[in-house]
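Trainee: missing the sequence, but the structure's below:
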């Protein structure tokens, strides 16, 4: 049995907590509002943007998963949650009384600046152009430099229950870019939780994993398939002038698969089939 602290226990964190509890572990969920934590998850009411009093945290913690969500998509929000938030948590954790054996820092594939259809993996250089990717690279470095052995997991676009953005776009007749192709990478919410559970259980994990499914896909292909399943018109195509030259990147999950993880939804068709069956 392990004592696990999930810092930033939102949608993915709650699903992870449920699975860890089913495995017999004790789990604490750290968040600002703890009223809706799943049954059996011990609450830690805390704001990562502020200095954390060590006594607020459980006395014994074996593993920590850090996966907060910024309150808004601006540079200040990202900085205060991902970098400063991690520093606040580490300051409270790195005491003589606690001996944490693993920190899993949840990052994003936005740390890669590649945008011309290149394949990327854990060894690809990270040179992001957007502020979100730059801040996450800085926060990853904070995690790697701390005294707790750390693992970085870079998730691609998360979809799943309650995350119906692309479905709504297809229903509304949104356009996509066919020339040039726009590549996308994704992972189902349940596989996010599965990946984190898997990494926490590994005896000797790698220092970095890409959390993406088996199939980087052309966005038009995904939207065409979804339109067919929904019984609506295929999305119109943007002109080359409107689409620009951005084609995205293609992420490989080789390291994760080599570690023994087996996906619940290995491609968008399996994942969205299940999601569409539950969506009115």
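Mentor: Okay, I see it. Please read all numbers here as calculations on a predicted model, not as lab measurements.
Trainee: ranges for the strands of the chain?
Mentor: All strands of the chain, identified by DSSP state E, fall at 3-7, 26-31, 42-45, 63-66, 102-108, 116-120, 150-155, 157-159, 183-184, 186-188, 208-211, 217-218, 248-251.
Trainee: The second one pairs with which strands?
Mentor: Based on DSSP bridges, the strands next to strand 26-31 in the sheet, each with its direction, are strand 3-7 (parallel), strand 42-45 (parallel).
Trainee: residue boundaries of the helices in this structure?
Mentor: For the chain, the helices defined by DSSP state H occupy 11-22, 75-78, 84-93, 131-145, 165-171, 189-201, 219-230, 240-243, 254-258, 268-278.
Trainee: Dump those helices to JSON lines, plus mean pLDDT, distance to residue 154 and mean neighbour count.
Mentor: The C-beta positions use only the backbone N, C-alpha and C, and glycine is treated the same way. Shown next, in JSON lines, are these (pLDDT from 0 to 100; distance: least, CB to CB, whole Å; neighbours: other CB atoms under 10 Å):
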{"stretch": "helix 11-22", "mean pLDDT": "98", "distance to residue 154": "14", "mean neighbour count": "20"}
{"stretch": "helix 75-78", "mean pLDDT": "95", "distance to residue 154": "15", "mean neighbour count": "16"}
{"stretch": "helix 84-93", "mean pLDDT": "96", "distance to residue 154": "15", "mean neighbour count": "20"}
{"stretch": "helix 131-145", "mean pLDDT": "97", "distance to residue 154": "8", "mean neighbour count": "18"}
{"stretch": "helix 165-171", "mean pLDDT": "96", "distance to residue 154": "20", "mean neighbour count": "16"}
{"stretch": "helix 189-201", "mean pLDDT": "98", "distance to residue 154": "11", "mean neighbour count": "22"}
{"stretch": "helix 219-230", "mean pLDDT": "97", "distance to residue 154": "20", "mean neighbour count": "18"}
{"stretch": "helix 240-243", "mean pLDDT": "59", "distance to residue 154": "26", "mean neighbour count": "11"}
{"stretch": "helix 254-258", "mean pLDDT": "97", "distance to residue 154": "10", "mean neighbour count": "15"}
{"stretch": "helix 268-278", "mean pLDDT": "94", "distance to residue 154": "18", "mean neighbour count": "17"}
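Trainee: what bridges to the most centrally placed residue in the chain?
Mentor: Ranked by distance to the mean C-alpha position of the chain (CA atoms, centre = their mean), the top residue is residue 155 at 4.0 Å. The partner list for residue 155 in beta bridges (DSSP bridges) reads residue 108, residue 211.
Trainee: how much space between the closest residue to residue 197 other than its chain neighbours and residue 239?
Mentor: Leaving aside its chain neighbours, residue 197 sits nearest to residue 19 (5.1 Å; criterion: CB to CB, 6 or more residues apart in numbering). With the distance defined as CB to CB, to the nearest Å, residue 19 ends up 46 Å from residue 239.
Trainee: Repeat that for residue 180.
Mentor: Distance, residue 180 to residue 239, by CB to CB: 12 Å.
Trainee: Which one of these two is surrounded by more residues?
Mentor: residue 180 (15 against 10; other CB atoms under 10 Å).
Trainee: what's the nearest residue to the more buried one if we skip its chain neighbours?
Mentor: Spatial nearest neighbour of residue 180, chain neighbours left out: residue 247 (4.7 Å); criterion: CB to CB, 6+ apart.
Trainee: how close does that neighbour get to residue 220?
Mentor: Distance from residue 247 to residue 220, by CB to CB: 12 Å.
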